[in-house]
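Peer 1: Below are the sequence and a predicted model for it; my questions follow.
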Amino acid sequence: MANITFENVTKRYGEVTAVSNLNLEVLDKEFLVLLGPSGCGKTTTMRMIAGLETITEGTLRIGGVEVNNVLPKYRNVAMVFQNYALYPHMTVAENIGYPLRVRKVPKEERRKIIEQAARTVELGELLERYPRQLSGGQRQRVALARAIIRRPTVFLMDEPLSNLDAKLRIQMRAELKHLQRELATTTVYVTHDQIEAMTLADRVAVMDQGVIKQLGPPKTIYGDPDNIFVAGFIGSPGMNLTRGELRDGTFAGEGFTVPGVGGGNRRAAVLGVRPEDLRIVGTGEGHLRAPLYSVELTGESTLLTVRTQDVFVIIRTDKDFAGNVDDEIEVAVNLDKAYLFDAETGERIRG
Amino acid sequence: MDDSASTATVGDTPAPSFIGERLERWVETHLRYIMLAPAVLILAALTLFPTFYMFTLSFQKFNPAVDVPNEWVGLGNFARLLTDEKFHNALGNTLFFTGAAVGIEFVLGLSFALLVDKYIRRLNFIKTILMLPMMLPPVAVAITWKLIYQPQFGVLNDFLFRLGLPTGVWTSGADSAMWAIIFVDIWEWTPFIFLMMLAGIASLPEEPYEAADLDGASAWQKFRDLTWPFLRPVVTIALLLRLMDALRLFDQVFILTRGGPASVTETLSLYIFRVALRFQDIGYAAAMSLFVLFSTIVLSTWFIRRMQMDDSKA
């Protein structure tokens, strides 16, 4: 059993609060992704689990045991670092076997475990090489093998894929997910890449300014955001967010109105609609009429930008869309997928 | 012709005469050699010529009388090296001094650097104080220590006497003289090792240490498996510089003991100096100098190779 529990955990560096009053439970064998922009406290949160950062206030438990004052080496936690943190003057085999060597596991036994771990991450041929003779992806595998070799109760991964090229990243992503299922070990994974978060996670914790903005399965985070931050952070291109006024369930923005969105009366509200939840309709049937500002073909679809006064709205449409800049188009909102937020608190207005 | 004229003249200065133009072009193409020439000449006069002259002298018997030519003796001077007990004594003393002084300096310098890095990283004035001995002129250091060691009115004996401890004759004791010199060298040059190691430690990467923390390494294991291999290039340079310097030790011995008592502190440099200038046996002194030069080169090369070999393995 290795669940991780944060109880009112705060981390301050002098005057700066990196993590503020965090309450979070990572379930046993769960793959939890901490997602957020740089400086949001996600890495600090992970480093507190590792014991590389002290905890200013609150309690951290691993497997039910308080670990606030437990040294990293007694936590049985393994970490994969962003820059791999391999030992440059040791061979691949020595790197992978280092956790066993410091525990004085006999050489013969060590060799067997190293070879097995190397096979798991497909490194068998490279055991006698040095890290600098390896490619980024291979180094990543060495770091992984070093992490799995001592069967830790918790895996921590700090943006492990961010230094790899795009193609390799997708391949390693799949391997990581497979490996985590196979080893069935509680995993906390830090990233600023939402695609990684969506594809890998059982649950995602979206963080901003030291606070968890929303915690839930990827589907919920994407399809049912709790606040403007999560709505705007997830998705590429991001959700269209427009300020306006609510009157009897009708949203009035700059240059357009959307009736039937609910939410009663409010002076300041924000309407959020994802680009794929907007569609082009015939004259008189839509909510917004405006000239095309740009047309971008991405391959699988076309992104249209229209401009109405100071507001830019992005629409994802068919890849075969034919139209030119300055053509007027009319756009309708999919009312089931329109989200309303309070403009002041940023919280979702439900109902 | 038009082209060359336009490259050789600048702006609207009048076109120079044919000879002037050629000279200017020659100067332009050879400018770097012209600029380097004075420095190269001075270097040649001060190092290349004396070295070459020493080389030729080492095969001759020098004759101090004016107008009497030197005698060629072939390898005779080098043959003397094999049987000269004073030379063997000086060689032994030099090696003992180098081993003891550089060894202790290294252990102390590295330890201080690790301690300072760990506990007083920000206190720069402590670092400055620790480096002071290195900044003093070596002769001043030696004279200061000569006064400290002085048996009748030196501070050291005074201090020991007041504490009720046995006093000593230090630089004139057969057993203590060499250690008195070694101690001064340690005092003077430990800061150098300290400085080099501090620079090396400051450039250590952080992540492998965090990885080692998680992997369960103890402080000693982290030193052995991370710090030491990371520092090895700096260690190589620091030790090499100290070795080469220690092997030619002269000023401290000359001021503190003059090689005495008897010849227990006579180093190679001091013996060569005596042979050359006291006994006027310049040819033999040249042969010894050549031997020292050659051994230092061989030793340094071997040392660098060895460290690089370890390095390329890493």
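Peer 2: Received, thanks. Numbering: from 1, shown residues only, chains lettered A, B, ... in the order given.
Peer 1: Low-confidence regions, the stretch 251-351 of chain A specifically.
Peer 2: Residues of the stretch 251-351 of chain A that meet the criterion pLDDT under 70 lie in A:351.
Peer 1: rerun at 90
Peer 2: A:251-268, A:281-290, A:298-300, A:307-312, A:319-328, A:334-338, A:343-346, A:349-351 (pLDDT under 90).
Peer 1: for it, what spans make up the strands?
Peer 2: Remark: strands assigned in the stretch 251-351 of chain A by DSSP state E, counting those that start in this stretch are A:256-258, A:266-273, A:278-281, A:288-297, A:302-308, A:311-317, A:328-333, A:338-342, A:348-349.
Peer 1: And for chain B?
Peer 2: Remark: strands assigned in chain B by DSSP state E are B:60-61, B:71-72.
Peer 1: about what we covered before: make CSV from the strands of the stretch 251-351 of chain A and add mean neighbour count to it.
Peer 2: Heads up, the C-betas are built off the backbone N, CA and C, glycines and all. Formatted as CSV, the strands of the stretch 251-351 of chain A follow (neighbours: other CB atoms under 10 Å in any protein chain shown):
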stretch, mean neighbour count
strand A:256-258, 19
strand A:266-273, 20
strand A:278-281, 18
strand A:288-297, 15
strand A:302-308, 19
strand A:311-317, 20
strand A:328-333, 18
strand A:338-342, 22
strand A:348-349, 20
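Peer 1: want to try JSON lines for those, with distance to residue A:192 as columns?
Peer 2: As requested, those are arranged in JSON lines below (distance: least, CB to CB, whole Å):
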{"stretch": "strand A:256-258", "distance to residue A:192": "32"}
{"stretch": "strand A:266-273", "distance to residue A:192": "21"}
{"stretch": "strand A:278-281", "distance to residue A:192": "27"}
{"stretch": "strand A:288-297", "distance to residue A:192": "24"}
{"stretch": "strand A:302-308", "distance to residue A:192": "22"}
{"stretch": "strand A:311-317", "distance to residue A:192": "21"}
{"stretch": "strand A:328-333", "distance to residue A:192": "30"}
{"stretch": "strand A:338-342", "distance to residue A:192": "23"}
{"stretch": "strand A:348-349", "distance to residue A:192": "23"}
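Peer 1: for chain B, what are the nearby residues on the stretch 101-250 of chain A?
Peer 2: A:102, A:103, A:130, A:146, A:150 (CB under 8 Å from any CB of the partner chain).
Peer 1: so who does the second one touch?
Peer 2: Read that as residue A:103. A:150, B:216 (CB atoms under 8 Å, 6 or more residues apart in numbering or on different chains).
Peer 1: So in that sheet, which strands flank the least confident helix or strand in chain A by mean pLDDT, and in what orientation?
Peer 2: Of the helices and strands making up chain A, the lowest-confidence element is strand A:256-258, at a mean of 83, by mean pLDDT, DSSP states H and E. Strand A:256-258 sits in its sheet next to strand A:250-253 (antiparallel), going by DSSP bridges.
Peer 1: what about residue A:121, distance to residue A:2?
Peer 2: Distance from residue A:121 to residue A:2, counting by CB to CB, to the nearest Å: 21 Å.
Peer 1: Can you name the two of the residues of the stretch 101-250 of chain A next to chain B that sit furthest apart?
Peer 2: Of all pairs drawn from those, the one with the longest distance (CB to CB) is A:103 and A:130, at 23.2 Å.
Peer 1: longest helix of chain B?
Peer 2: As assigned by DSSP state H, the longest helix anywhere in chain B is helix B:85-119.
Peer 1: quick one: the helices in the stretch 1-150 of chain A?
Peer 2: Assigned by DSSP state H, counting those that start in this stretch, the helices in the stretch 1-150 of chain A fall at A:42-50, A:92-101, A:107-120, A:136-148.
Peer 1: can those go into a markdown table with extra columns for mean neighbour count and distance to residue B:48?
Peer 2: Below are the helices of the stretch 1-150 of chain A laid out as a markdown table (neighbours: other CB atoms under 10 Å in any protein chain shown; distance: least, CB to CB, whole Å):
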| stretch | mean neighbour count | distance to residue B:48 |
| --- | --- | --- |
| helix A:42-50 | 23 | 59 |
| helix A:92-101 | 24 | 48 |
| helix A:107-120 | 15 | 56 |
| helix A:136-148 | 23 | 49 |
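Peer 1: want to try a markdown table for the ones you listed, with distance to residue A:82 and mean pLDDT as columns?
Peer 2: Listed next are those as a markdown table, based on distance: least, CB to CB, whole Å; pLDDT from 0 to 100:
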| stretch | distance to residue A:82 | mean pLDDT |
| --- | --- | --- |
| helix A:42-50 | 9 | 92 |
| helix A:92-101 | 17 | 91 |
| helix A:107-120 | 21 | 88 |
| helix A:136-148 | 10 | 88 |
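Peer 1: Can you say which of the ones you listed is nearest to residue B:147?
Peer 2: Residue B:147 sits nearest to helix A:92-101 of all those, at 53.8 Å, using CB to CB.
Peer 1: neighbouring contacts of the closest one?
Peer 2: A:78, A:86-87, A:90, A:109-111, A:113-114, A:117-118, A:123, A:126-131, A:134, A:142, A:145-146, A:149-150, B:212, B:215-217, B:225.
Peer 1: what do you get for stretch B:97-107?
Peer 2: Applying CB under 8 Å, 6+ apart, the external contacts of stretch B:97-107 come out as B:178, B:181-182, B:185-186, B:189-190, B:192-193, B:235, B:238-239, B:242-243, B:246-247, B:249, B:267.
Peer 1: Go again with 7 Å.
Peer 2: Contacts with stretch B:97-107, where a contact means CB atoms under 7 Å, 6 or more residues apart in numbering or on different chains, come from B:178, B:181-182, B:185-186, B:189-190, B:193, B:239, B:242-243, B:246-247, B:249, B:267.
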